[in-house]
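S.K.: any chance you can model this:
(chains A and B)
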Amino acid sequence: MQIAARFIKEWTILDVSGDIDLSHSPAMRKALLGEIKEKHTPRVFLNLKNVRYIDSSGIASLVEGLKASRDLGSRLILYGMNNSVREVMQLSRLQKIFEIYDDEEQALGS
Amino acid sequence: MSLADQVGQTQILLVFGFFGGKVRGGRKSIKHGRNISCGKCAFHSELLLKLQMESNPKALALVRAAVERAAEVLNFQEQESRGIVRSVDEALANIIRHAYGGKAGCPIEVTCRHLHSTRDGGCVNGIEVVLRDSGVRADPAKMKGRPLNEIRPGGLGLHFMRQCMDEVEFSRKKGKNQLRMVKYVAPAATAAAPGGE
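M.R.: Prediction:
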């Protein structure tokens, strides 16, 4: 898994690629919470377009990020999910809890 | 970065097979095949894949790839294959985190078998995945997962397994934890599965 950050206005886009599994979810958690809790970024976008797989530890990191963003009044926005990632969100019944968009244009325009 | 680079020193011993044969007269086993029962009907099973791995999270990507291929060989639909892979991955993650407490280098065995049987004039195919570990005794009574209406991290792995697989059974055998999961091929795809004619 790899994570790269882009910055638009005062927002941050985290481009994640590869598999978010037990081996890699701690790195994503660190990046996500770093933006939300340490940098107080008002909008954090997670681009999942190139994520092939996410497991329950990855979902747990997303939930932690969501809770932190709600506590701080910021927004965590997800986009670009493939079928595999969507299925996991549906199995977790989290698809209506997160802000989810199809692509970057929609996400940035939200 | 290549998969080999990601995995580093992780080693997995793989045994591939498509062993077995037709079962006649209720014999218990012929060659490498064996008979098992689901309670409703008898299945013949053939070894597809056997992995001996260590409790290293970096090995999970390799196991996912191998199990995905095994599911494809049996003509599972894409969504079902993803469910099987997800279930095995979550089960292994639970073994690494809970049975072995995050300790690396502990043994885990993954065995995939092709199940097939004739029932009601049709052919039933499936995959049986058995995971064995020598970690802390697992208590099935305590394995409930979290209620899905609670929005909090954790507790989803077991839920994924139960959602994606048709059978999920925990047991303790010969001092080892054993998790057996079975997924049956949807009827439309069964006719084309190996041994499904």
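
S.K.: which residue, other than its chain neighbours, is closest to B:E167?
M.R.: Nearest residue to B:E167 in three dimensions, chain neighbours excluded: B:V182, at 4.0 Å (C-beta to C-beta, 6 or more residues apart in numbering or on different chains). From N, CA and C alone the C-beta is placed, and that goes for glycine too.

S.K.: burial count for the one you found?
M.R.: Applying other C-beta atoms under 10 Å in any protein chain shown, we find 20 residues neighbouring B:V182.

S.K.: that one: what secondary structure?
M.R.: Of the three states, B:V182 takes strand according to DSSP: H, G, I helix; E, B strand; the rest coil.

S.K.: close to chain B, is the helix or strand in which A:A68 is found?
M.R.: According to DSSP states H and E, A:A68 maps onto helix A:56-72. Yes - applying C-beta under 8 Å from any C-beta of the partner chain, one finds that helix A:56-72 is in contact with chain B at A:56-57, A:59-61, A:63-64, A:66-67.

S.K.: could you pull out the strands for the chain?
M.R.: No chain was given, so I picked chain A. Ranges of strands in chain A, per DSSP state E, are A:2-8, A:11-20, A:43-54, A:75-79, A:99-101.

S.K.: let's do chain B instead
M.R.: Under the criterion DSSP E, chain B contains strands at B:13-16, B:34-37, B:42-54, B:107-119, B:122-133, B:167-173, B:176-184.

S.K.: just put these in JSON lines and tack on mean pLDDT.
M.R.: Formatted as JSON lines, these follow (pLDDT from 0 to 100):
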{"stretch": "strand B:13-16", "mean pLDDT": "66"}
{"stretch": "strand B:34-37", "mean pLDDT": "63"}
{"stretch": "strand B:42-54", "mean pLDDT": "91"}
{"stretch": "strand B:107-119", "mean pLDDT": "91"}
{"stretch": "strand B:122-133", "mean pLDDT": "92"}
{"stretch": "strand B:167-173", "mean pLDDT": "94"}
{"stretch": "strand B:176-184", "mean pLDDT": "96"}
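
S.K.: out of these, flag the one nearest A:Q90.
M.R.: strand B:176-184 (18.1 Å; C-beta to C-beta).

S.K.: residues touching the closest one, excluding its own?
M.R.: B:38, B:71, B:76, B:80, B:83-84, B:87-88, B:91, B:95, B:99, B:115, B:124-135, B:137-138, B:161, B:164-172 (C-beta atoms under 8 Å, 6 or more residues apart in numbering or on different chains).

S.K.: one more time with 7 Å
M.R.: B:80, B:84, B:87, B:91, B:99, B:115, B:124-135, B:137-138, B:161, B:165-172 (C-beta atoms under 7 Å, 6 or more residues apart in numbering or on different chains).

S.K.: now the residues you listed: which count as buried?
M.R.: B:80, B:84, B:87, B:91, B:99, B:115, B:124-135, B:138, B:161, B:165, B:168, B:170 (16 or more other C-beta atoms under 10 Å in any protein chain shown).

S.K.: same for chain A: which of those residues are within range?
M.R.: Among the buried ones among the contacts of strand B:176-184, no residue is within reach of chain A (C-beta under 7 Å from any C-beta of the partner chain).

S.K.: need the residues that contact the biggest helix by length in chain B.
M.R.: Identified as the longest helix of chain B according to DSSP state H is helix B:78-94. Here helix B:78-94 makes contact (C-beta under 7 Å, 6+ apart) with A:21-22, A:55-57, A:84, A:87, B:60, B:63-64, B:67-68, B:71-72, B:76, B:108, B:110, B:127, B:129, B:131, B:157, B:160-161, B:164-165, B:179, B:181, B:183, B:186.

S.K.: could you turn the buried ones of the residues you listed into a ChimeraX selection?
M.R.: Of the contacts of helix B:78-94, the buried ones can be selected in ChimeraX as follows, counting by 16+ other C-beta under 10 Å:
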select /A:21,22,55,56,57,84,87 /B:60,63,64,67,68,71,76,108,110,127,129,131,157,160,161,164,165,179,181,183
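
S.K.: state the distance from the most centrally placed residue in chain A to A:F98.
M.R.: What sits nearest the mean C-alpha location of chain A, by C-alpha atoms, centre = their mean, is A:L46, with 3.7 Å. According to C-beta to C-beta, to the nearest Å, A:L46 stands 9 Å off from A:F98.
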